[in-house]
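Visitor: when you get a sec, could you give me coordinates for this:
(chains A and B)
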Amino acid sequence: MSLWVDKYRPTTLAKLDYHKEQANQLKNLVQCGDFPHLLVYGPSGAGKKTRIMCLLRELYGAGVEKLRIEHQSITAPSKKKIEINTIASNYHLEVNPSDAGNSDRVVIQELIKTVAQSQQIQSSTQREFKVVLLTEVDRLTKDAQHALRRTMEKYTATCRLILCCNSTSKVISPIRSRCLAVRVPLPSVEEVCNVLSSVCRKEGLLLPGELAKQIAEKSGRNLRKALLMCEACRVQQYPFSADQDIPETDWEVYLRETAHAIVSQQSPQRLLEVRARLYELLTHCIPPEIIIKGLVTELLSNCDGHLKPEVAQLAAHYEHRLQLGSKAIYHLEAFVAKFMAIYKKFMEDGLDGFMF
Amino acid sequence: MSKLSLGRKTSTVKLNSWVEPSFGDLLGGSAVKSLGLKKVSRSNESLSKARSFAEDPSEKKPKKRKADSHVLAHQFPSSSKTSLEDRDEPWVDTHAPNSQAELAVHKKKVEEVENWLRIHLDLKRANQGGAILLLTGPSGCGKTATVQVLAQDLGCQIQEWSNPSTTSDYRADDAYTRVFDPDSRFNSFHGSSQTGAFQEFLLRANKYSRLQMSGDSQSTEHKIILIEDFPNQFYRQPSCLHDILRRFVRTGRCPLVFIVSDSLSGDRGSRLLFPKDVQEELGIHNISFNPVAPTSMMKVLSRIVTLEAGKGSGRIAVPDRASLELLCSGSAGDIRSAINSLQFSTLTDHSLEKGLWAGKKGKPASSSRKGSVKGRRKSKVHRATEMTEDSQAIGGKDASLFLFRALGKILYCKREAYEGSETPKLPSHLSEHQRDKLLIDPELVVERSHMSGEFFSLYLHQNYLDFFSDIEDVTRASEYLSAADFLTADWTSRATMLEYGSSVATRGLIHSNSARSSATSQSSVGFKPLHKPHWLHINKTYRENCLTAQSLFVSFCLPPVSLLTELVPYLAQLNNPMRNQAQIAFIQDVGHLSLRRFPGRLKLEVLGDKDPGGLDLDSEDEDSSNLATNPSTSTTAEEPAEQAEPSVEPTNPSSSQEVGGDFPASQPRPSNTEALLEEEDLIIEEYDSD
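Guide: This is a model prediction of the structure:
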């Protein structure tokens, strides 16, 4: 039994539930024969990956669905061994080069080279190129991106690249200009609702429209999240009721509580508690960027309009440092401390103003 | 007779060769000059000496020296010779303590050792097996001296092990003998003859004492086996030693005393050789010595000086009290080095040697020394209050701080009020930044802590919140810490910026603590236990968990972020039966966040005060400035040696994966956390933040 997300994932371009026009365009793209490099971008949970897989199926037929997970080890020129997992079919290779950290350049060059150097066997019946799918391109180092640009040109006869990322802002412009950029926006609330109810129908469940709408809103239109939520709802309670509360992930609840702890008291002792909670979140693999983002969202909803710009700016400041620095906790803690100070001052001023 | 004495003399020289190079030349030359050419006036002589060096520096020296010693041995009658020998011998040996009163060790420590020895020397009769005492402490704090003095007092012998030179033993262990000698096959100590020899030594020492019991002399009845020198094999395989000790404990008849010096860096002898569990198993009693307190050191030094001044009749320059104090503070509680440098300094102050010395060793060394001595004398008043840590005197020990103290120095940031008028005033709009003068130099403290600035900052970060009361201050402090990390962000400039980073962190932390801004406002915060930083462990767990997640759920083809923030947490809420055990365990562990208010996962580990100086109620100890601030009557060092060399072992588990009660016990836990559980052996104190 697999997850609903996987079970009901559309497999062909024709079966896609939303952005049908774009699906058509992609179909035309495949049919016209001259397939360019693609840069697919859009927010998380919008269906980029689904769309890419559909596209590949359109290109190569059902053969692409036979996936195998391979564990490759690549030796860098510095004799350093890099281990990386790839997912491949006979026609394509998917890899997340940012897994390799700083050695991602080597991974890109080596993998693409091996793929591109092996010709398709039956080039008469099939396409003469293979596809390399690189995910999280925006997390590649600059070094790797430049290497990518060269590799792209060199092997263009035998290999096409599909790059997948959340935002193009971190992709260097030479790459952007070499690719056909395809943006996959988030589905609208209605579209999410439609997907949810169609999935539930296929499962033989009855999903009230209100609940579907709530899930869609709560998931932030992230379809993956919405489906997971919906499935969690099913586990929690069935038959569904319209006003049932939607299960959230533990870490979100925890983060919210942390934010409450920050707002309710501002003292060094409290900061110590908050630090422990931050550590706890980190051990549960919540990346520091997500933590600071979540905290800011929660804190902003708790503070006065005057404070909001200041807090937002603070968060930006420390998030920047967090990205550059090496020890996230310093910056997270500095942000919390600063917020505490601002908030406390604000409350005291407010109290004074109230009294006089 | 003279030949004999010459022979004896050379033998002492040989024995004390570690001190010889610095003294011998000087002594030989000077002695001959002053004795042999008494008539020549001093200034003349030093001149001619200098000239002779200039003329023929290469061959003159060795020749002269050899000739001298002959001349010396033949010509002079015994009276002057004894004084010569005295001068040649290091004062450490000539003035070794003979009674308990002369020991520079604190009385209570001596008592403790004495009691132990008394008890176990008696118990020996009751045939209760061997008892083991372990003495630890910094070098030169009088461990060996204490044992020797006590052995004298209690009327027992000391039998000491010294590592044999390997060559002779090795030959016996030759391949031929091994093949042809059937007995040697049963000798289990082929490869490690030292270990074998050691074991045999213990055995014999044991037996010997039993045989001697029927002997006539009272004094030989008791015996202590003393081991200061460990066969190298034990450092590689401490279990070897443990096995031998186990056997000894069963069969031993006399107390066995180990002496291990603490060291800040390196192999941590005592901890490697005698881990906690072995200590408990074998009932090893551990007594740790403190560095010698300055007052008692002063006593010893001045005693020696008076003795020598009486004996030497003007040949040695009697150092004044100020320079004695200087020696005291320079030696960092190491009485051996203090006496050595005392002996040396009395020589160098001798007007005769000055010229010679300067000529030989080159100007800079001597002049800088003299300069510094002068400077220090001038600032003597100051020093009395300050008790500086700058080292100066020749032979001064490189003062190093144990981490615990170093952290204390930064966190408690002692300040000193300006005297009256010289207080620099900040303009009124900056008045909140007004601070009194710091008593410490933060950079120096970091340097002395033997730790990279980054790790030091981590320790500070872990502990600073306890010392702050105002959230504004905390804000500023955390800002500085963040800035310090940010400074080192760029790898190209990292090497240079590290230093600045730690400077920003320490100074920022000190400055931002406005509650401790002036000398008067520094009411005691009381003792706060210090803890080890969590970050390293957290970061490691974070990365490991991420990797585990990616490898376990690779079939979902998700980027790590959405995998960890969406899939895994929801999987935890779905009861989806298809996953394998490792996945289930991982989901249980990582996907669930216990919503308890205070996470039980994080255990605070108390930073042990390796340096027991702050722990004992040593009333004589007024030395280091942070002693006063650490009235640490509680917490004896639980994990003395545990205070982390993170550069060596950055993955020291600082918190444990608690086995949560809400997990089904049947579920296996992910492998990495299991490994951590095994590593974990030092939970000290439950963390309660309320």
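Visitor: thought residue B:571 was touching residue B:588?
Guide: No: between residue B:571 and residue B:588 there is no contact under C-beta atoms under 8 Å: 10.2 Å. C-betas here are computed from N, CA, C, even on glycine.
Visitor: out of the two, which sits in the busier spot?
Guide: residue B:571 (23 against 18; other C-beta atoms under 10 Å in any protein chain shown).
Visitor: shouldn't the more buried one be within a helix?
Guide: Yes: assessed by DSSP: H, G, I helix; E, B strand; the rest coil, residue B:571 belongs to a helix.
Visitor: tell me the spacing between residue B:89 and residue B:474.
Guide: 59 Å (C-beta to C-beta, to the nearest Å).
Visitor: residue B:121 too?
Guide: 57 Å.
Visitor: show me the helices in chain A, by range?
Guide: Taking DSSP state H to define them, one finds helices in chain A at A:4-7, A:20-31, A:48-60, A:104-117, A:142-154, A:173-178, A:189-203, A:209-218, A:223-236, A:250-264, A:268-283, A:288-302, A:307-324, A:328-355.
Visitor: got TSV for those helices, with mean pLDDT, distance to chain B and mean neighbour count too?
Guide: Converted to TSV, the helices of chain A look like this (pLDDT from 0 to 100; distance: least, C-beta to the nearest C-beta, whole Å; neighbours: other C-beta atoms under 10 Å in any protein chain shown):
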stretch	mean pLDDT	distance to chain B	mean neighbour count
helix A:4-7	84	7	17
helix A:20-31	90	19	14
helix A:48-60	90	7	21
helix A:104-117	84	14	20
helix A:142-154	87	13	17
helix A:173-178	91	18	14
helix A:189-203	91	13	18
helix A:209-218	89	12	18
helix A:223-236	88	4	22
helix A:250-264	89	4	19
helix A:268-283	89	4	21
helix A:288-302	91	6	18
helix A:307-324	92	4	16
helix A:328-355	88	4	19
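Visitor: wait, which of these is closest to residue B:158?
Guide: helix A:268-283 (52.3 Å; C-beta to C-beta).
Visitor: just give the nearest non-adjacent residue to the residue nearest to the spatial centre of chain A, would you?
Guide: Centroid check for chain A by C-alpha atoms, centre = their mean gives residue A:44 as the closest residue, at 3.8 Å. Once flanking residues are discounted, residue A:44 sits nearest to residue B:562: 5.2 Å by C-beta to C-beta, 6 or more residues apart in numbering or on different chains.
Visitor: over to residue B:406?
Guide: residue B:449 (3.8 Å).
Visitor: need the contact list for residue 274.
Guide: Going with chain A. When contacts are counted by C-beta atoms under 8 Å, 6 or more residues apart in numbering or on different chains, residue A:274 is found next to A:258, A:261, A:262, A:333, A:336.
Visitor: was after chain B, sorry
Guide: Contacts of residue B:274 by C-beta under 8 Å, 6+ apart are B:134, B:258, B:260, B:284, B:286.
Visitor: and which of those is nearest chain A?
Guide: residue B:286 (33.8 Å; C-beta to the nearest C-beta).
Visitor: now residue A:284: phi and psi?
Guide: Backbone geometry at residue A:284, expressed as degrees, to the nearest 10, gives phi -90, psi 20.
Visitor: wait, it sits on residue B:541?
Guide: No: Residue A:284 is beyond contact range of residue B:541, at 9.2 Å (criterion: C-beta under 8 Å).
Visitor: burial check on whatever residue of the stretch 1-150 of chain B ends up closest to chain A, number of neighbours?
Guide: Going by C-beta to the nearest C-beta, chain A is nearest to residue B:138 of the stretch 1-150 of chain B, at 32.9 Å. A count of nearby residues for residue B:138, using other C-beta under 10 Å, gives 25.
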